[in-house]
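**Student:** what shape does this take:
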Amino acid sequence: MKHTLAIVAFVVLSLVSSVQPAHANLLDWMQEWSGPGPFRYGGNFLSTICLHPFDVQREGDHADSPCFFIDFRRLIPDDDTYNFPVRVTTTFTDVGITFRLRKPIEVGVGAGLMTAHAPDVLVVRPTLTAPRVVVKPLRLLAEIRGPSHSPLFNENRRIVNMIKFHVTGNVIVGSLTGDDFGATGTNYDRKFEFVMSRGLYLDFIELFAPKKSATF
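**Tutor:** Model prediction:
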């Protein structure tokens, strides 16, 4: 168990350290595409829905009962670093399945749609979501400390579980060019572009998630 937690802690530290400086906005940030971007938080809703509680005594069984996720993220141009000729606001809507490796961490895959708004232009493309990594930082801290040292986490576990950090990779299916956004004359021309986003969010579905009172 300690070995697993050490791996989880390493993953969390890697994810947190990969977050860009303050201008990137910790609430949500998406890297620059080969053309538009970077993007920052413009509003989001991310949630994981699990039909069964996490059982620490039967961790291996969770692969047979995955959870489901639905994410909606709106990202707007980051004015400090944006350098594309036209302003593009984009939304990503993703759905899929996600597996709980431990209470604090899950990994999922899915699919969805990307919509991008430029002046007088709307671009829509299907997307593939892989990976979708979600970590509960406070829950991870509680597990590392152990149940006997974390009464505050135990008494408020639903609220603790609401605070999450995500790293999401999206493949934009098909091709995109500057002409699609009304920016003629640019050299932006990509097929199946892969972009990463990351940020903190509150998952309110955790307030209603099933739980076993006997487990930490």
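**Student:** for Asn44, which residues count as its bridge partners?
**Tutor:** Arg73 (DSSP bridges).
**Student:** that one and Leu202: what is the separation?
**Tutor:** As defined by CB to CB, to the nearest Å, Asn44 lies at a distance of 10 Å from Leu202. Yep, even glycine has a C-beta here, placed from its N, CA and C like the rest.
**Student:** equivalent analysis for Phe72, please.
**Tutor:** Computed as CB to CB, the Phe72 to Leu202 distance reads 14 Å.
**Student:** most distant residue from the centre of the protein?
**Tutor:** The C-alpha centroid of the chain is most remote from Gly185, which lies 33.6 Å away (CA atoms, centre = their mean).
**Student:** how about the closest residue to that residue other than its chain neighbours, phi and psi?
**Tutor:** Residue nearest to Gly185 in three dimensions, not counting chain neighbours: Gly178, with 7.0 Å by CB to CB, 6 or more residues apart in numbering. Gly178 has phi and psi values of phi -60, psi -30 when expressed as degrees, to the nearest 10.
**Student:** shouldn't Gly178 be in contact with Arg190?
**Tutor:** No: using CB atoms under 8 Å, Gly178 makes no contact with Arg190, being 10.1 Å away.
**Student:** what do those two both touch?
**Tutor:** By CB atoms under 8 Å, 6 or more residues apart in numbering, Gly178 and Arg190 have these common neighbours: Gly35.
**Student:** neighbour count: the two, which is higher?
**Tutor:** Taking other CB atoms under 10 Å, Gly178 and Arg190 do not tie; Gly178 has more neighbours (18 against 14).
**Student:** any idea how far that one lies from Thr90?
**Tutor:** As for Gly178, its distance to Thr90 is 15 Å (criterion: CB to CB).
**Student:** repeat that for Gly96.
**Tutor:** From Gly96 to Thr90 the distance is 19 Å (CB to CB).
**Student:** which of those two has more neighbours?
**Tutor:** Ranked by neighbour count (other CB under 10 Å), Gly96 and Thr90 place Thr90 first, with 24 against 19.
**Student:** nearest spatial neighbour of the more buried one, skipping sequence neighbours?
**Tutor:** Here the residue nearest Thr90, using CB to CB, 6+ apart, is Ala116, at 4.4 Å.
**Student:** quick one: the one you found is in a helix?
**Tutor:** No: going by DSSP: H, G, I helix; E, B strand; the rest coil, the assignment for Ala116 is strand, not a helix.
**Student:** so what's the residue count around the closest residue to Gly182 other than its chain neighbours?
**Tutor:** Setting aside the residues directly before and after it, Gly182 is nearest to Val121 in space (CB to CB, 6+ apart), at 4.8 Å. Val121 has 14 neighbouring residues, counting by other CB under 10 Å.
**Student:** quick check: which element contains the residue positioned nearest the centre of the chain?
**Tutor:** By CA atoms, centre = their mean, the chain has its centre lying nearest to His166, at 3.3 Å. His166 belongs to strand 163-177 when elements are defined using DSSP states H and E.
**Student:** in this structure Thr129 contacts Asp94, no?
**Tutor:** Yes: contact criterion CB under 8 Å: Thr129 and Asp94 qualify, at 4.4 Å.
**Student:** what touches both of the two?
**Tutor:** 71, 110-112, 168, 170.
**Student:** would you list every one of the strands in this protein?
**Tutor:** Here the chain has its strands, by DSSP state E, at 29-30, 39-49, 67-77, 89-102, 105-118, 121-135, 163-177, 189-202.
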